[in-house]
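**Student:** Kindly return the folded structure for what I paste below:
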Amino acid sequence: MLVSDLTVGWSGIGVVLGLMVLRVPIGVTLVLVSLAGLAIMIGPESGLAMITAVPYNFVGDWSLSAIPMFLLMGYLAANGGLTSGLFDFMKLALGRVHGGLAHASVGACALFAAASGSTFATGAAMSRIAVPEMLKAGYHPGLATGVVAASGTLGSLIPPSILMILFGIFANQSIGQLFVAGILPGILSALIYMGMIWLRARMNPELAPRSEIPFSVQRFGSALLDVWPLPVLIFSIMTGIFFGIFSPTEAGALGASLALLIVFIRGNLNWRILTNSIRETVESTASIFIIAVGSLMFSRMLTISGVPDAISTAFTDTITSPIQMLLVIAVVYIVLGMFIDAIGLMLITLPIFLPTLQEMNVDLIWFGILTIKMLEIGLITPPIGLNVFVIYSALDRKIPLTTIFKGVFWFIAMDVLTLAILIAFPRITLFLPALASGN
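**Tutor:** Numbers count the residues shown, from 1 in each chain. Predicted structure coming up:
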């Protein structure tokens, strides 16, 4: 061999990161680099045989069927009008406190995220609804856009989450336990956002003028009647998973069925909504599966090259505690998360980090939630901050990027605080999973 397997592995990592930073489609990048690396190390025929076997074996995993089911539930809820009144309801509930419309944005984003499971979908949808309302009320543009950009990332942490499903499959962990583990960290993230907003609005009223929102029991009841099916749908799914009544896969199927039924009963279902929801589900599922299959191929290539073992040895020789290891991983995820899609970044790095974490006896359910929180921070961190660009585009580029990034800075600081709390107090993450399992 002209080059060692280890050199091939490291070169593959460099090529993949370079191409992803250049915005080459991540699925294509991973498949091509994996094929080239395997061909060099084990020969073209053996490499091609592995490449053809991996996708078939992977997509045969029954747990993966939860992904299209939860996606379909989210698209039906969004297209069928179940999410349209979220901001109005939250505005009535929270709008009269300091920074009320920003609080309403956090709450609406959290509920929308729980339905869609998508950070980008949440950010794009809520920016068109909430940001104009806040600007009309005199809110600073940085706060108005920053709160939606940051709160949109809650879609990854609040279950049901596509990232949690993929983490569970790749790390061989219980998806149901991950869903349950994400509940308290998701609530904590939202509450810390709200606390910061309230404090800033109290200290600087011009940042977020108090809104005179007329409130009446009749109006509140009408808004509640409009939105109640969505929280009830999500609560039913999570309750069933928590008590072990059904698995996450079954929960996905139930959620999609209930969403379809609710939209039908409310009289919002028509052929266009149904076909659009199915088409969007197929497109999103195909995109996720291509990235996942490419990541699995890439991890096989890295394993054969010996890169994970080399990194594990280097870490165990230089890093003496799990906390130090988590800090290193946090830096990697936050920095690379500025440029790279969260799903691809998580899946290509897990095979590198997991061996070391397992040697250190780190609880992988806890690590899964920390990983998702780290990826969330990367999504809004400059200079790229993919979710910031989603907000920028959704608002037709009317608000400068610098203004949005300045507004997001406060939320990045709160995310770092939340991450530090979750690292310092693992019980916050692990309490509900232990309760659900009877421990």
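
**Student:** what's the average pLDDT for stretch 66-75?
**Tutor:** Per-residue pLDDT over stretch 66-75 has a mean of 88.

**Student:** cool, and stretch 126-135?
**Tutor:** 86.

**Student:** just stretch 420-439 next, same as before
**Tutor:** pLDDT averaged over stretch 420-439 gives 89.

**Student:** Alpha carbons of stretch 146-158, in PDB - could you do that?
**Tutor:** What follows is stretch 146-158, C-alpha atoms only, in PDB (Å, rounded to 0.1, in the frame of the first residue of the first chain):
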ATOM      1  CA  GLY A 146     -33.100  36.700  17.500                       C
ATOM      2  CA  VAL A 147     -35.900  35.100  19.700                       C
ATOM      3  CA  VAL A 148     -37.400  33.300  16.700                       C
ATOM      4  CA  ALA A 149     -34.000  32.100  15.400                       C
ATOM      5  CA  ALA A 150     -33.000  30.800  18.800                       C
ATOM      6  CA  SER A 151     -36.400  29.400  19.800                       C
ATOM      7  CA  GLY A 152     -36.700  27.600  16.400                       C
ATOM      8  CA  THR A 153     -33.800  25.400  17.500                       C
ATOM      9  CA  LEU A 154     -36.000  23.900  20.200                       C
ATOM     10  CA  GLY A 155     -37.400  21.700  17.400                       C
ATOM     11  CA  SER A 156     -34.300  19.500  17.900                       C
ATOM     12  CA  LEU A 157     -34.600  19.100  21.600                       C
ATOM     13  CA  ILE A 158     -38.300  18.900  22.300                       C
END
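
**Student:** Around the closest residue to W10 other than its chain neighbours, how many other residues sit close by?
**Tutor:** Distance criterion CB to CB, 6 or more residues apart in numbering; nearest residue to W10, sequence neighbours excluded, is V307 at 6.4 Å. Glycine gets a C-beta too; all of them are placed from N, C-alpha and C. Neighbour count for V307, taken as other CB atoms under 10 Å: 22.

**Student:** correct me, but V307 touches G14?
**Tutor:** No: taking CB atoms under 8 Å as the definition, V307 is not a contact partner of G14, at 11.3 Å.

**Student:** was I right about G385 contacting T402?
**Tutor:** No: applying CB under 8 Å as the test, G385 and T402 come out as separate, 11.8 Å apart.

**Student:** Neighbour count: those two, which is higher?
**Tutor:** G385 (24 against 10).

**Student:** phi, psi of that one?
**Tutor:** Dihedral angles of G385 (phi, psi; degrees, to the nearest 10) stand at phi 50, psi 80.

**Student:** quick one: contacts for it?
**Tutor:** Applying CB atoms under 8 Å, 6 or more residues apart in numbering, one finds that G385 lies in contact with A149, M338, G378, L379, F405, V408.

**Student:** Repeat that for A66.
**Tutor:** Listed by CB under 8 Å, 6+ apart, the contact set of A66 reads P160, I165, I175, P248, T249, A251, G252.

**Student:** would you list those residues in JSON lines and tack on pLDDT, distance to A330 and secondary structure?
**Tutor:** Listed next are those as JSON lines, based on pLDDT from 0 to 100; distance: CB to CB, whole Å; DSSP: H, G, I helix; E, B strand; the rest coil:
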{"residue": "P160", "pLDDT": "83", "distance to A330": "25", "secondary structure": "coil"}
{"residue": "I165", "pLDDT": "90", "distance to A330": "22", "secondary structure": "helix"}
{"residue": "I175", "pLDDT": "89", "distance to A330": "23", "secondary structure": "helix"}
{"residue": "P248", "pLDDT": "86", "distance to A330": "27", "secondary structure": "helix"}
{"residue": "T249", "pLDDT": "87", "distance to A330": "31", "secondary structure": "helix"}
{"residue": "A251", "pLDDT": "88", "distance to A330": "30", "secondary structure": "helix"}
{"residue": "G252", "pLDDT": "88", "distance to A330": "30", "secondary structure": "helix"}
